[in-house]
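Visitor: Quick check, what structure comes out for this input:
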Amino acid sequence: MTGLALYASILLPMALSLAAYVAARRSTQAAAYISAVALLPLLAVSSLSLFGGSRYLGSAGTGLWSIFSLYLEPYNAAYVFTVALVGIMVAIFSAPYMEHRAEELGVRNTTFYLTYGFFLGGLAGAFAAQNLFGIYIFIEVALIASLFQVLYYGYGDRARIAVMYLVWSHVAALLMLAGFIVLYLNGVTTVPVPATAAGALPRNLLYLAVLLVLLGSFIKMAALGVHMWLPYVHAEAPTPLSALLSPVLVGFGGYVISIVALPLMPRSWFLPLTWYGIATAIYGGMMAYTQSDIKRLFAYSTVSQMGYMILALSLRNVFGLTAAALIYISHGLGKAVLFMTAGYFIMHLHTRDIDRMGGLYGYNSALAGAAVVGFLNLAGILTIGMISEITLATALVKTYLGMEYIELYIAFAAMLVVTGIYAFATIRNVFFGPPKIGGAGPYDAALVAIVSTALLSVLLFLPPMSSSLWTNISVYVQNRLVPVGL
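Guide: Residues are numbered from 1 along each chain as shown. The predicted structure is shown next:
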């Protein structure tokens with residue numbers, strides 16, 4: 001299909017950000033709904049590719065304009081689809097939340113809605129970009145837009161958190177860019193990077209490029225050892241942005257690894273990468289269990305889920321790369337539900353302290369049910385998360401089959417157990433037990449967005465949607481990603 005639809009769907013949210021800015025001066029709800037509607041074409045285009053197998057290829061021209069070439073296949077469509085769907089739901093959620101936050105700060109929320117479309121359009125563009133420099137340019141647009149949201153509407157010491165976010169996010173982006181430049185100077189300009197590029201590059205330059213891209217991606221994913229910034233930024237960002245940063249931005253690093261680094265990596269690097277993914281998942285889950293601030297708990301949970309994604313990418317087979325895309329979807333929907341739930345508590349209960357919660361099922365049963373579904377996505381139970389974890393387990397067995405890998409299986413099981421422990425412990429502490437807060441939670445646009453996102457994550461678990469997306473992703477991975485590099 002024509003690439004014009006792809007260009008239009010990515011640029012429309014940015015263009016309509018100006019309309020949302022004007023609308024926000026009079027009505028927060030109008031600005032929120034404009035932001036949501038602007039993402040509908042992107043959702044439609046990505047859905048056609050993900051569920052229908054449609055393919056888009058767009059060229060902006062030759063020479064420097066080729067940097068802005070775009071493509072959409074079922075694999076990267078899974079990422080773009082999640083960006084669009086979560087972006088729509090968070091925009092609806094933001095209507096009451098940003099009105100509440102603007103009143104708290106005594107400011108207008110015009111800047112939030114001006115930057116909202118640029119953040120999501122830039123992120124979608126980074127996933128759809130075919131040129132290495134195009135990936136960098138689009139992700140910079142997204143990073144700069146989100147920086148203003150942290151600075152203007154965040155919590156705590158907003159300026160310090162914004163500087164932390166600026167430094168860490170741009171260190172990651174510049175490391176990726178350095179790796180891209182090394183590849184570009186040696187004739188590798190587009191993605192997915194073909195494995196034949198490994199033979200064309202001198203060994204020292206090949207390793208340098210891969211290491212730069214991996215390190216930048218690990219920082220972006222907040223993997224173990226370079227994760228320190230994420231709990232601060234995601235906990236103190238305005239909650240609608242937290243519901244975008246954790247679900248859809250951090251996984252960008254995993255996508256870059258899959259299309260740039262993996263095809264060039266020596267086989268000897270994959271087993272250490274497997275252990276690194278498991279260690280990240282276990283560490284993040286253990287840290288999540290110890291948190292009393294619900295937003296910091298969800299932030300550490302993101303660290304854990306990125307460990308799952310690293311593990312999936314390290315398994316170098318069709319199931320592993322398919323699992324990575326499915327983990328991105330399930331984590332995106334599940335974590336969006338949970339961060340929006342935290343925002344609901346902040347709006348209506350004026351707390352994010354888990355110790356002050358309890359028995360909130362009686363406060364709002366619909367909210368409790370949606371939050372449980374959000375956790376089930378992370379734990380891999382009866383949601384799209386279940387398909388991602390079954391696919392991940394299959395990938396692990398296919399790559400590491402035999403008793404000599406028994407330690408790996410034990411560690412994998414421990415990873416699943418840790419996730420289940422912090423997920424169900426949080427459900428118990430927040431929604432069950434003796435009620436600590438009386439009254440009844442209101443039914444507003446925020447609750448509609450939360451419940452709708454949870455229901456969609458269950459819907460994606462059911463045929464024919466689950467079977468079509470799994471088949472389309474895996475067929476593309478088999479034909480285009482595995483043969484080129486793995």
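
Visitor: What separation do you get for the closest residue in space to Gly359 that isn't next to it in sequence and Gly402?
Guide: Nearest-residue entry for Gly359: Pro435, 2.9 Å, with adjacent residues in sequence omitted and distances by CB to CB, 6 or more residues apart in numbering. Just so you know, the C-beta spots here come from the backbone N, C-alpha and C atoms, and that holds for glycine as well. The gap separating Pro435 from Gly402 is 52 Å, by CB to CB, to the nearest Å.

Visitor: neighbour-wise, which of those two wins?
Guide: Between Pro435 and Gly402, counted using other CB atoms under 10 Å, Pro435 has the larger neighbour count: 15 against 8.

Visitor: in a strand, that's where the more buried one is, yeah?
Guide: No. Counting by DSSP: H, G, I helix; E, B strand; the rest coil, one finds Pro435 to be coil, located in no strand.

Visitor: Spit out the contact partners of it.
Guide: Contacts for Pro435 (CB atoms under 8 Å, 6 or more residues apart in numbering) come out as 358-360, 362-363.

Visitor: The same query, at a cut-off of 7 Å, please.
Guide: Residues near Pro435 by CB atoms under 7 Å, 6 or more residues apart in numbering: 358-359, 362.

Visitor: Format those as a markdown table; extra columns: secondary structure, pLDDT and distance to Leu120.
Guide: What follows is those, written out as a markdown table (DSSP: H, G, I helix; E, B strand; the rest coil; pLDDT from 0 to 100; distance: CB to CB, whole Å):
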| residue | secondary structure | pLDDT | distance to Leu120 |
| --- | --- | --- | --- |
| Gly358 | coil | 91 | 35 |
| Gly359 | coil | 93 | 36 |
| Gly362 | coil | 91 | 36 |
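
Visitor: Spell out for me the PyMOL command that would select the buried members of these.
Guide: In PyMOL, a selection of the buried entries from the contacts of Pro435 looks like this (16 or more other CB atoms under 10 Å):
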select buried, resi 358+359
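
Visitor: Let's have the contacts of Pro435 in JSON lines, adding distance to Leu123.
Guide: Output for the contacts of Pro435, formatted as JSON lines (distance: CB to CB, whole Å):
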{"residue": "Gly358", "distance to Leu123": "36"}
{"residue": "Gly359", "distance to Leu123": "38"}
{"residue": "Gly362", "distance to Leu123": "38"}
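
Visitor: of all the contacts of Pro435, which comes closest to Asn186?
Guide: When the contacts of Pro435 are compared for distance to Asn186 (CB to CB), Gly358 wins out at 58.7 Å.

Visitor: For that closest one, give its distance to Val213.
Guide: 45 Å.

Visitor: swap in Ser17?
Guide: Here the criterion is CB to CB. By it, Ser17 lies 30 Å from Val213.

Visitor: If you count surrounding residues, which of these two has more?
Guide: Using other CB under 10 Å, the more surrounded residue of Ser17 and Val213 is Val213, with 29 against 24.

Visitor: For the residue nearest to Asp355 when sequence neighbours are not counted, grab the count of nearby residues.
Guide: Sequence neighbours aside, Ser292 is the residue nearest to Asp355 in space, at 5.4 Å (criterion: CB to CB, 6+ apart). Residues near Ser292, counting by other CB under 10 Å, number 13.

Visitor: Go ahead and confirm Ser292 touches Arg356.
Guide: No. Ser292 is not in contact with Arg356 according to CB atoms under 7 Å; the separation is 9.2 Å.

Visitor: who touches Ser94 in this structure?
Guide: Contacts of Ser94 (CB under 7 Å, 6+ apart): 32, 240.

Visitor: Quickly find the element holding it.
Guide: helix 74-105 (DSSP states H and E).

Visitor: Which residues belonging to that helix are considered buried?
Guide: Neighbour-count burial for helix 74-105 flags 74-102 (criterion: 16+ other CB under 10 Å).
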